[in-house]
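Chemist: any chance you can model this:
(one chain, ligands or ions: 1)
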Amino acid sequence: MQTFTWIFLAALFLSTLVQFWLSIRQAKHVAKYRDAVPAEFADKITLEEHQKAADYTLTKGAFGRVETFISLFILLFWLYGGGLNWLDNYVRSLGLSAIYTGVAVILGFAFISGILGIPASLYRTFVIEEKFGFNKMTLKTFFVDMLKGTVLGLVLGTPLLALILWLMGTAGDLWWIYAWAALSVFSLFMMWTYPKFIAPIFNKFKPLEEGETLQRIQSLLTRSGFNSNGVFVMDGSKRSSHGNAYFTGFGKNKRIVFFDTLLESLSPQQIEAVLAHELGHFKHKHVLKGLIVSLTTTFIGFAVLAWLMKQDWFYAGLGVEHPSTYMALLLFMLASPAFTFLLGPIMSWWSRKHEFEADAFAAKQSSAKELISSLVSLYRENASTLTPDPLYSAFYDSHPPASIRIAHLKQQMA
Ligand SMILES: [Zn+2]
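Modeler: Take a look at the predicted model:
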């Protein structure tokens, strides 16, 4: 066996082991605290709601472990079980040009992976979400969404993929800089077009109606000096009763979007506080910083790929017979998560730092008290656990655990 095979398998098994270990820790911790609502929430969350959150977390965690295990097997099948070689040899036998062969192999891979992912996705939506009363989707919506997503992916993704493969094959040693530039322009274009053209393919958006909520929002926007291209309500209730609020787009194309489910469960004051938090992300330039980090990571990723592409051991070590540009791209996407896995906690920590900053902004511009009550309400409505395992939370959570977050907000009130 190749040295690189050993290195890759060690990284893969280690990262899978860590995922399992963290997931088990989380399950034990949540189960341990299932029978009593944490004291600080005792007057706001009932024992029944607390236990629902615990059971929901445990059910999702258990299924997540099954999925991790299945994905590991599928990955090993693609690499060492001959899956990729079979697909590659089959497409090669069709005698297409180099670029079409590459596009066909990658699309073929994406198609088969998509099909293999359907049962898990169905189970998550129609068994788990259904059982806890969150699912509002019909089978028809599920498959129509999938069809729309596939068509959109093909229409937007295929030309980009063909361009990148063409650059890899013909643009010389610096191909990766051009490819990175092309991907960056494409991503920015997508961010810009998403609110107006992509999101409406899946959901209906209508401007928020006149009333106390809109007045509060407009006065908050004015006093914090923020311009947006409108406040919209999205029919999130078509798919799920989980609530959310977000910002999309950039420049003049910014939109504030509230899920209809969120508007139903919060008071106008609470909605104002939630929006103030979102504004905090913009004021602290979190979106821009995130964009810079993502552009930098893809730049490094492409540089590494350009080097790996020329190494025969890279293909052989991952079980592939014929080196090619498209196979390098595909193998890089399949193998890199095993090595970049440990970057996850750094990104989570960074994200939690941003959440604290946005909360502090909301406390100043709106009200810490209202934000706390809306957070508690969101935790209740979404059945999110109040008692995560500290290590699991440090590794994965983009948002600080409820009790720590609320403690920080209370400090701002004093
Ligand atoms: Zn946030």
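
Chemist: give me the element the nearest residue to Asp173 once chain neighbours are set aside is part of.
Modeler: Excluding the flanking residues, the one nearest Asp173 by CB to CB, 6 or more residues apart in numbering is Ala306, at 7.7 Å. The C-beta positions use only the backbone N, C-alpha and C, and glycine is treated the same way. Element membership for Ala306, per DSSP states H and E: helix 286-308.

Chemist: check Ala53 too.
Modeler: Per DSSP H and E: helix 47-79 holds Ala53.

Chemist: helices or strands next to that helix in the packing?
Modeler: When contacts are defined as 3 or more CB pairs under 8 Å, 6 or more residues apart in numbering; DSSP states H and E, helix 47-79 packs onto helix 3-32, helix 98-123, helix 325-340.

Chemist: helices along the stretch 301-414 of the chain, start to end?
Modeler: 312-317, 325-340, 344-365, 368-382, 390-396, 402-413 (DSSP state H, counting those that start in this stretch).

Chemist: so which of these gets nearest the ion?
Modeler: helix 344-365 (4.7 Å; CB to the ion).

Chemist: so where's this structure shaky on pLDDT?
Modeler: The model of the chain has pLDDT under 70 over residues 1, 251-253.

Chemist: mind giving me the domain ranges of it?
Modeler: What automatic domain parsing lists as the domains of the chain is 1-135+266-414, 141-202.

Chemist: run the chain-centre distance for the first one.
Modeler: When distances are taken as CA atoms, centre = their mean, to the nearest Å, domain 1-135+266-414 is centred 6 Å away from the chain's centroid.

Chemist: quick one on the thing from earlier: most tightly surrounded among the domains of the chain?
Modeler: Comparing these by mean neighbour count (mean count of other CB atoms under 10 Å), domain 1-135+266-414 ranks first with a mean of 17.

Chemist: interface residues of the protein facing the ion?
Modeler: Within the chain, the residues that sit near the ion (CB under 5 Å from the ion) are 355, 358.

Chemist: now Phe258: which helix or strand?
Modeler: Here Phe258 is assigned to strand 255-259, by DSSP H and E.

Chemist: elements contacting that strand?
Modeler: Here strand 255-259 touches strand 231-234, strand 245-248, helix 268-283, going by 3+ CB pairs under 8 Å, 6+ apart.

Chemist: out of the ones you listed, flag the one nearest Leu87.
Modeler: Among the helices and strands packed on strand 255-259, the nearest to Leu87 by CB to CB is strand 245-248 (36.0 Å).

Chemist: list of residues touching that closest one?
Modeler: Strand 245-248 has contacts (CB atoms under 8 Å, 6 or more residues apart in numbering) with 191, 194-195, 199, 228, 254-259, 262, 271, 274-275, 278, 281-282, 287.

Chemist: mind running it again at 6 Å?
Modeler: 194-195, 255-258, 262, 274, 278 (CB atoms under 6 Å, 6 or more residues apart in numbering).

Chemist: ok, which pair from those residues is furthest apart?
Modeler: Tyr194 and Val274 (21.1 Å).

Chemist: what distance do you get for Asp145 to the ion?
Modeler: 26 Å (CB to the ion, to the nearest Å).

Chemist: name the element that residue belongs to?
Modeler: Going by DSSP H and E, Asp145 is in helix 139-170.

Chemist: gap between that helix and the chain center?
Modeler: 18 Å.

Chemist: which strands or helices does the helix or strand just after that helix pack on?
Modeler: Using DSSP H and E, the next helix or strand after helix 139-170 towards the C-terminus is helix 175-193. Under the contact criterion of 3 or more CB pairs under 6 Å, 6 or more residues apart in numbering; DSSP states H and E, helix 175-193 touches helix 139-170, helix 286-308.

Chemist: would JSON lines of the helices and strands packed on helix 47-79 with distance to Gly301 be doable?
Modeler: JSON lines is the format used below for the helices and strands packed on helix 47-79 (distance: least, CB to CB, whole Å):
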{"stretch": "helix 3-32", "distance to Gly301": "16"}
{"stretch": "helix 98-123", "distance to Gly301": "16"}
{"stretch": "helix 325-340", "distance to Gly301": "7"}
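
Chemist: and those helices: which comes nearest Phe143?
Modeler: Per CB to CB, nearest to Phe143 of the helices and strands packed on helix 47-79: helix 98-123, 9.3 Å.

Chemist: want to throw the helices of the stretch 301-414 of the chain into JSON lines with distance to Leu214?
Modeler: JSON lines is the format used below for the helices of the stretch 301-414 of the chain (distance: least, CB to CB, whole Å):
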{"stretch": "helix 312-317", "distance to Leu214": "56"}
{"stretch": "helix 325-340", "distance to Leu214": "43"}
{"stretch": "helix 344-365", "distance to Leu214": "17"}
{"stretch": "helix 368-382", "distance to Leu214": "17"}
{"stretch": "helix 390-396", "distance to Leu214": "36"}
{"stretch": "helix 402-413", "distance to Leu214": "25"}
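
Chemist: hmm, back to that, quick one: closest of the helices and strands packed on strand 255-259 to Phe109.
Modeler: strand 245-248 (29.8 Å).

Chemist: pairing partners for the closest one, with directions?
Modeler: Using DSSP bridges, the strands paired with strand 245-248 are strand 255-259 (antiparallel).

Chemist: quick one: buried residues of the helix or strand just after the partner strand?
Modeler: As assigned by DSSP H and E, the chain's next helix or strand after strand 255-259 is helix 260-265. For helix 260-265, burial by neighbour count (16 or more other CB atoms under 10 Å) applies to 260-263, 265.

Chemist: extract the C-alpha trace of helix 260-265 and format it as PDB.
Modeler: C-alpha atoms of helix 260-265 as PDB (Å, rounded to 0.1, in the frame of the first residue of the first chain):
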ATOM      1  CA  ASP A 260     -43.400  34.200   8.800                       C
ATOM      2  CA  THR A 261     -43.000  31.600  11.600                       C
ATOM      3  CA  LEU A 262     -40.700  34.000  13.500                       C
ATOM      4  CA  LEU A 263     -43.100  36.900  13.200                       C
ATOM      5  CA  GLU A 264     -45.900  34.800  14.700                       C
ATOM      6  CA  SER A 265     -44.000  33.800  17.800                       C
END
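
Chemist: return the distance of it from the chain's centre.
Modeler: Centre to centre, stretch against its chain (CA atoms, centre = their mean), the figure for helix 260-265 is 22 Å.

Chemist: contacts for it?
Modeler: Counting by CB under 6 Å, 6+ apart, 233, 235-237, 241, 243, 245, 377, 381 sit against helix 260-265.

Chemist: the residues you listed: which two are farthest apart?
Modeler: Asp235 and Ser377 (20.5 Å).
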